[in-house]
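# Sequence and computational prediction follow.
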Amino acid sequence: MNLLTANNLSKSFGERDLFTNVTFNIDDKSKIGLIGANGVGKTTLFRVLCDEESYGGSLNKNSLLKIGYMEQTPPEDASTDAYTYVLNIFSYLSEMEEKLEEIRRRIELGDGDTGQLINAQERLNNEYIDKGGLVYKSKCRSMLLGLGFTENELMNKLCELSGGQRTRLSLARVLLSDANLLLLDEPTNHLDIEAIVFLENFLKDYNKAFIVISHDRYFLDKITNRTFELECEKLTQYDGNYSVSAQKKKAAYDAAVKKYDNTMKEINRIEGMIEQQRRWNREKNIKTAESKQKVIDKLEKTLEKPTSNDERVRFKFTTTLEGGNDVMMITNLKKSYGEKKLFENANLLVKKKECVFVLGPNGCGKTTFYRIIKGDEVADAGSVKFGSNIECSYFDQTRADIAGGKTVIDEVWDRFPKMTQTQVRNALAAFLFKGDDVFKETDKLSGGEKARIALLCLMLKGSNFILLDEPTNHLDLASREALEDAIEDFGGTVFVISHDRYLINKLADKLFVFENDTITEYVCSYDEYMAHKENVEKPIKEVSAPKAEKINDYKAQKEKERNKRMRASRIAKLETLISETEEKITSVSDEVNSCGADYQKLMELNSQLDELNEALLGYMEEWEQLSEEED
């Protein structure tokens, strides 16, 4: 059944077009992931679908359509507790309960025709059961516990809850509603991995339609069968989840580039023929040239140069510090708050060039662990020691280190005063702060903008050990991918607290997992960890103490894969440099041919040509060497 059809939707704010000519259909089985950079209009599109924003074009909605849209800012009602707030979406069932109780009371008192009252009681009771009256309270409780609330928190008043907790309440209400099209805007925000897995399983089994905005690629891969991407004011549709859509997008772009290149080659070939025909300058040749020109005109009308993705952050972590092989040694670490024990007897080792991820549910003590490492918190027992020549840099998810009352450029320049203004502005431009953006007040920045500044400062410091607390929060997909590439290519050591399973699975050499009142070390990827955890025949404890040769094999394989990725990345970069240098040589050569008798200019151009040819030779030699290694 078709629920909704959008025809040529468009939305602008002032002179800025968010999107134009957006057309799509949604049926009752659609499970759609809506992706795109921050600020492209994803949330606005949701508001258009809910008729909360004006728009151009048309929306045709099925009369049976009922949209469930998660509130972004739930109330802080001082009189309502969390459980009751969610339970209130079933107010029609509680009203039925009151009516059933009233009928029961009247029957006992003999107030009215008993036969009619019994019949009314039976009809209402059947309706109550059909609409879920026997299970709705347990469904509400299970939903809230699944989304990370504790039993005690269910009774907390809304005014006592954090913003993240109230957002989870709104999510619970929408998931439990009888809507047949859910619009979920970043539903995994404020959820730990266990709660995200719960939400995944709920949506995988959900037999109605939904569209979900998310930057969580692992989550999208698990739950969606279609992907909508908002980019460059257009909406592109793909059949398949995020990973499938990324492959199709790349294939389409590569095909468009190939078609463009082939068309340009054909145009150049025909132009050569035209030039030849005109040199011969006979009547027949002139007619041939005119005919060929028409072919070129036709080709140029259909010629469309492929455009690459929107601008993205350019991360590059570098360090000149070598440091020792043992980067961080944690011995018998213990921390409690009153009677609440976070961890004890934690003995962990971070080695040089490892990428270590810390896993555990919200509230288990990950941030406290991080603060102990930073020196902002004192452990009850044990120690944290760093190896020789180790310099640490920290990324704090709260961005508390970004001062207010400054401009963006001053925030960076004050930390790195030896940099010139040009260097600071170039660095900011690489993180998408361009033009007047560098004069924005840091107090008014979005979470994503603050994250980019913090990561830029981390990058500029050049430490050989970087510690990141939830670095992908507030980052869009392109920025997350750029961060992944930077971590992957980094020559130092990385320690990350994260719920981003895609990031963990791609980069982890080792996991530190909060469990059983301690922190256990596992030498495996996230998927391997989950596979062992779910396998009751082979307890997960087997993974925590793998044989030495298995560890060495695993690390050797990870190092081999890392080197292969770095080699492939360098080859791609060299191919770009070779292409750009060849274009420059052609351009300078054309200038040489047209400069006439200007000998001074001729000498300058010849000098440029020598430099370019020398650079080209170096690039080609390096490309050849790396290509042979790849084979």
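Sure thing, it's come through. Numbers count the residues shown, from 1 in each chain.
# for residue 53, helix, strand, or coil?
Here residue 53 is coil, with the state taken from DSSP: H, G, I helix; E, B strand; the rest coil.
# Give me the spatial nearest neighbour of it, chain neighbours excluded.
residue 47 (4.2 Å; Cβ to Cβ, 6 or more residues apart in numbering). No exception for glycine: its C-beta is placed from N, CA and C like everyone else's.
# where's the one you found relative to residue 67, distance?
Distance of residue 47 to residue 67, computed by Cβ to Cβ, to the nearest Å: 11 Å.
# More neighbours: which of these two?
Counted by other Cβ atoms under 10 Å, residue 47 and residue 67 do not tie: residue 67 has more neighbours, with 20 against 17.
# which residues does the more buried one contact?
49-50, 179, 181-183 (Cβ atoms under 8 Å, 6 or more residues apart in numbering).
# Look up phi and psi at it.
When read as degrees, to the nearest 10, the backbone of residue 67 gives phi -90, psi 130.
# And the pLDDT for it?
Residue-level confidence at residue 67 comes out at 95, pLDDT.
# Assign the closest residue in space to residue 66 that isn't next to it in sequence to helix, strand or coil.
Distances taken as Cβ to Cβ, 6+ apart place residue 179 nearest to residue 66, at 4.8 Å, with adjacent residues excluded. Under three-state DSSP, residue 179 falls in the coil class.
# thinking again about what came up before, list buried residues within the contacts of residue 67.
49, 179, 181-183 (16 or more other Cβ atoms under 10 Å).
# tell me the two of those that are most distant?
Pairwise distances among those were taken by Cβ to Cβ; the largest, 12.2 Å, belongs to 49 and 179.
# Now do the SS call for residue 292.
Once three-state DSSP is applied, residue 292 turns out helix.
# Correction: the previous question concerned residue 343.
Counting by three-state DSSP, the backbone at residue 343 sits in strand.
# Surely it touches residue 518?
Yes - the pair residue 343 and residue 518 passes the contact test of Cβ atoms under 8 Å, sitting 5.3 Å apart.
# List the buried residues of the helix or strand where residue 255 lies.
Using DSSP states H and E, the element containing residue 255 is helix 242-280. Using 16+ other Cβ under 10 Å as the burial criterion, the residues of helix 242-280 that qualify are 242, 244-246, 249, 263, 267, 270, 274, 277.
# Tabulate those residues in JSON lines, adding columns for pLDDT.
Below are those laid out as JSON lines (pLDDT from 0 to 100):
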{"residue": "242", "pLDDT": "93"}
{"residue": "244", "pLDDT": "93"}
{"residue": "245", "pLDDT": "93"}
{"residue": "246", "pLDDT": "89"}
{"residue": "249", "pLDDT": "88"}
{"residue": "263", "pLDDT": "86"}
{"residue": "267", "pLDDT": "85"}
{"residue": "270", "pLDDT": "84"}
{"residue": "274", "pLDDT": "81"}
{"residue": "277", "pLDDT": "73"}
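# now those residues as CSV including distance to residue 139?
Shown next, in CSV, are the buried residues of helix 242-280 (distance: Cβ to Cβ, whole Å):
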residue, distance to residue 139
242, 29
244, 33
245, 33
246, 36
249, 39
263, 59
267, 64
270, 69
274, 74
277, 79
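# Residue 231 against residue 34, yeah?
No - if you go by Cβ under 8 Å, residue 231 and residue 34 don't touch, sitting 11.4 Å apart.
# Which one of these two is surrounded by more residues?
Neighbours per residue (other Cβ under 10 Å) separate residue 231 from residue 34, with residue 34 holding more: 23 against 17.
# quick one: pLDDT of the more buried one?
96.
# Relative to residue 185, how far out is it?
For residue 34, the distance to residue 185 equals 9 Å [Cβ to Cβ].
# shared neighbours of those two, anything?
Residues touching both residue 34 and residue 185 (Cβ under 8 Å, 6+ apart) are 42, 213.
# Let me know whether the residue nearest to residue 66 touches residue 70 as I believe.
No - between residue 179 and residue 70 there is no contact under Cβ under 8 Å: 10.5 Å.
# Check the gap between the closest residue to residue 404 other than its chain neighbours and residue 437 for me.
The spatial neighbour of residue 404 that comes closest, neighbours along the chain excluded (Cβ to Cβ, 6+ apart), is residue 443 at 4.4 Å. Using Cβ to Cβ, residue 443 is found at 15 Å from residue 437.
# Pick out whichever of the two has more residues nearby.
residue 437 (16 against 11).
# how many neighbours does the residue lying closest to that one once chain neighbours are set aside have?
In space, and not counting its chain neighbours, residue 437 is closest to residue 408: 6.7 Å by Cβ to Cβ, 6+ apart. Neighbour count for residue 408, taken as other Cβ under 10 Å: 24.
# Let the chain start at 40 from now.
Got it, first residue is 40 now, which makes that one residue 447.
# quick one, what contacts residue 447?
Residue 447 is in contact with 467, 472, 476-479, 481, 484, 492, counting by Cβ under 8 Å, 6+ apart.
# mind redoing it with 10 Å?
441, 463, 467, 470, 472, 476-481, 484, 488-489, 491-492, 495 (Cβ atoms under 10 Å, 6 or more residues apart in numbering).
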